[in-house]
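> Here is my input, please return the structure:
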Amino acid sequence: MFEVRSAEFPTQQNREFSDWTSKSKSAFGGLFSVFLSGSGADPVGPRAGGGWMAKRGRRSPAPPIARPTLEKGDSGPAVAKVQRILGLPADGDFGPVTDAGVRGFQGASGISKDGIVGPQTWGKLDALKAKMAAGSDGISDSLAAQIDAVVTNSGIESFSWPDRGRAPVGYYHGMAKVFALSMIRYRRGDPALLIMGEAETGNASKDALTWYHAEFAAEEMPNDVAGIDTLRHLFVMLIGLGMRESSGNHWEGRDTSASNTSADTAEAGLFQTSWNIRSCSSTIPPLLTEFWADPNGFRPSFDRGVSPTASNLDNFGRGQGTQYQWLAKFSPAFHALVTGVGTRRLRRHWGPINRREVDIVGRVDDLLISVQNLVDANDESCVRPDPPHRRS
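Numbering: from 1, shown residues only. Below you'll find the predicted structure:
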């Protein structure tokens with residue numbers, strides 16, 4: 001359904017009151033104006049608080065100020081507000097990137113992808129903003145700041161990946177925080193994280209850690225025991241996978257040279273995972289439910305050094321698969337957890353893993369060991385593990 005391009009009050013009560021006052025003012029002329037302004041009396045109408053006339057001394061709240069209907073070509077503070085809610089560069093210009101971002105969000109929200117920000121889309125944006133404000137990334141601000149300092153001081157940002165070069169500035173910061181969150185969730189018994197941290201299964205056709213046994217052994221990263229060390233080594237692989245699949249850009253859309261354009265098969269995000277990965281584990285669909293309700297996922301950290309293109313922001317199909325595509329880009333932590341489970345249950349989903357193109361980098365493990373130590377020092381609710389395994 002296309003949205004009406006006019007300013008209007010967003011609630012049914014206000015619309016009914018507006019219609020009633022318009023008709024009554026026409027019928028009663030100046031007398032009605034006295035009721036609404038000069039006399040100081042409260043407004044009257046079928047839904048005014050308290051009946052036909054609110055009690056004296058109590059005023060009904062003023063109706064909210066109507067917001068402008070926006071579309072491509074518009075500019076100004078209202079456009080910048082839309083951009084900030086969607087995590088887009090907030091330059092106040094409703095250009096191709098903002099248009100694609102609005103359409104992608106509309107599709108994920110189940111409304112018409114017309115690119116017009118009218119009352120219906122404003123309502124969805126308000127709901128997203130409220131969810132972000134009420135939710136949490138899952139780690140404390142103090143721990144996040146300490147992780148940022150460790151990443152900056154590690155020197156890892158200068159590392160050059162084969163065929164990819166340096167990662168975006170925020171990539172290690174974001175992934176390190178997702179690892180910290182994953183540690184906490186693992187120790188709380190989160191089913192998805194227990195899969196990610198389990199020992200090698202011995203099934204090389206499905207388990208990426210088993211498939212990469214020799215590569216991990218060469219870097220002295222054994223994965224024969226379930227626990228935080230194995231979880232950490234999986235994150236070493238995920239960081240390498242993200243560089244191969246998207247060069248560390250969480251906004252990455254599907255490979256446009258491919259024909260996978262259905263909601264289930266269109267790839268999205270850092271790791272180019274598609275929604276059909278959910279078939280490998282019953283722990284994946286609940287992650288979509290959880291992060292749709294609270295989409296916080298360290299996006300501001302991942303944003304550093306990257307920006308989306310219009311083609312990145314397009315989503316395909318409808319339903320859960322479209323929600324997944326949007327959320328995979330908007331909430332990188334969500335995408336990392338889904339991918340982490342998938343690599344342990346269906347590693348053939350990723351070409352770079354199948355071709356052994358993902359680099360297992362010891363310096364990345366060193367960084368994550370430092371993050372692991374920070375989590376142990378900060379999260380007093382965690383059961384204290386054995387010291388992390390270090391390469392000799």
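
> Going by C-alpha atoms from here, please, whenever you check contacts or count neighbours.
Will do.

> Show me where the chain has its strands.
160-161, 165-166 (DSSP state E).

> what about stretch 188-204, average pLDDT?
With pLDDT averaged residue by residue, stretch 188-204 scores 98.

> Can you give the contact residues for it?
If you take Cα atoms under 8 Å, 6 or more residues apart in numbering as the criterion, stretch 188-204 is touched by 182, 185-186, 207, 209-211, 223-232, 234, 283-284, 337, 340-341, 344, 382.

> Kindly recompute the last result at 6 Å.
186, 209-211, 223-227, 230-231, 283, 340-341 (Cα atoms under 6 Å, 6 or more residues apart in numbering).

> What subset of those is buried?
For the contacts of stretch 188-204, a burial check counting by 16 or more other Cα atoms under 10 Å picks out 186, 209-211, 223-224, 227, 230-231, 283, 340-341.

> What is the nearest of the contacts of stretch 188-204 to Arg164?
Of all these, Arg164 sits closest to Gly340, with 21.7 Å by Cα to Cα.

> residues near the nearest residue to that closest one once chain neighbours are set aside, how many?
Closest residue to Gly340 in three dimensions, ignoring its sequence neighbours and counting by Cα to Cα, 6 or more residues apart in numbering: Met196, at 5.9 Å. Neighbourhood size, Met196 [other Cα atoms under 10 Å]: 30.

> can you check Gly362 too?
Counted with other Cα under 10 Å, Gly362 comes out at 17.

> Okay, Ala218 and Trp161: tell me how far apart.
18 Å (Cα to Cα, to the nearest Å).

> For the two, indicate the residue with more neighbours.
Per other Cα under 10 Å, whichever of Ala218 and Trp161 has more neighbours is Trp161, with 15 against 11.

> show me the contacts for that one.
By Cα under 6 Å, 6+ apart, the contact list for Trp161 is empty.

> The nearest residue to Gly73 once chain neighbours are set aside: what's it in contact with?
Spatial nearest neighbour of Gly73, chain neighbours left out: Phe94 (5.4 Å); criterion: Cα to Cα, 6+ apart. The contact partners of Phe94, taken as Cα under 6 Å, 6+ apart, are 72-75.

> what's Asp99 in contact with, if anything?
With Cα under 6 Å, 6+ apart, Asp99 has these contacts: 72, 115.

> Now Ala293. Nearest residue, chain neighbours left out?
Excluding its sequence neighbours, the residue lying closest to Ala293 (Cα to Cα, 6+ apart) is Lys131, at 6.7 Å.

> Can you read off the pLDDT for that neighbour?
pLDDT, Lys131: 98.

> So for this structure, the centremost residue is which one?
Ser331 (1.8 Å; Cα atoms, centre = their mean).

> That one contacts Gly297, correct?
Yes - in this structure, Ser331 is within contact of Gly297 by Cα atoms under 6 Å, at 4.5 Å.

> Low-confidence regions, this structure specifically.
Scanning the chain with the threshold set as pLDDT under 70 gives 1-65, 379-392.

> which residues touch stretch 249-265?
With Cα under 6 Å, 6+ apart as the test, stretch 249-265 has contacts from 266-270, 274-276, 308, 312, 316-318, 321-322, 329.

> Filter those residues down to the buried ones.
For these, buried by 16+ other Cα under 10 Å: 266-270, 274-275, 308, 312, 316-318, 321-322, 329.

> now, among these, which is nearest to Ile239?
Distances from Ile239 to those, taken by Cα to Cα, are shortest for Leu270, at 9.3 Å.

> Next one: the closest one relative to Val236, how far apart?
Leu270 is 14 Å from Val236, by Cα to Cα.

> count of neighbours near Ser136?
Ser136, neighbours per other Cα under 10 Å, totals 14.

> List the contacts of it.
Asn296.

> how much space between it and Leu181?
Distance from Ser136 to Leu181, by Cα to Cα: 11 Å.

> can you check Lys124 too?
From Lys124 across to Leu181, the span is 28 Å (Cα to Cα).

> Asp294 too?
According to Cα to Cα, Asp294 and Leu181 sit 15 Å apart.

> which residues sit in contact with Ala167?
Gly248.

> same thing but 8 Å
Contacts for Ala167 (Cα under 8 Å, 6+ apart) come out as 157, 159-161, 243, 247-248.

> And the residues you listed, which is closest to Gly115?
Gly248 (27.7 Å).

> how about the closest one, what does it touch?
By Cα under 8 Å, 6+ apart, the residues touching Gly248 are 167-168, 171, 242, 270.

> Can you add distance to Thr289 and give those back as TSV?
Below are the contacts of Gly248 laid out as TSV (distance: Cα to Cα, whole Å):
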residue	distance to Thr289
Ala167	30
Pro168	29
Tyr171	25
Gly242	24
Leu270	20
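
> Looking at those residues, which are in helices?
If you go by DSSP state H, the contacts of Gly248 have 171, 242 in helices.

> need the helices for the stretch 201-350 of the chain, in chain order.
In the stretch 201-350 of the chain, the helices defined using DSSP state H, counting those that start in this stretch lie at 208-211, 213-218, 228-246, 284-293, 299-303, 320-330, 332-345.

> and Gly110, which of those helices is closest to it?
Among those, helix 320-330 comes nearest to Gly110, with 8.6 Å by Cα to Cα.

> what does the closest one contact?
86-87, 104-105, 107-109, 250-253, 263-264, 266-270, 274-275, 288, 291-292, 295, 297, 299, 313, 315-316, 334-335.
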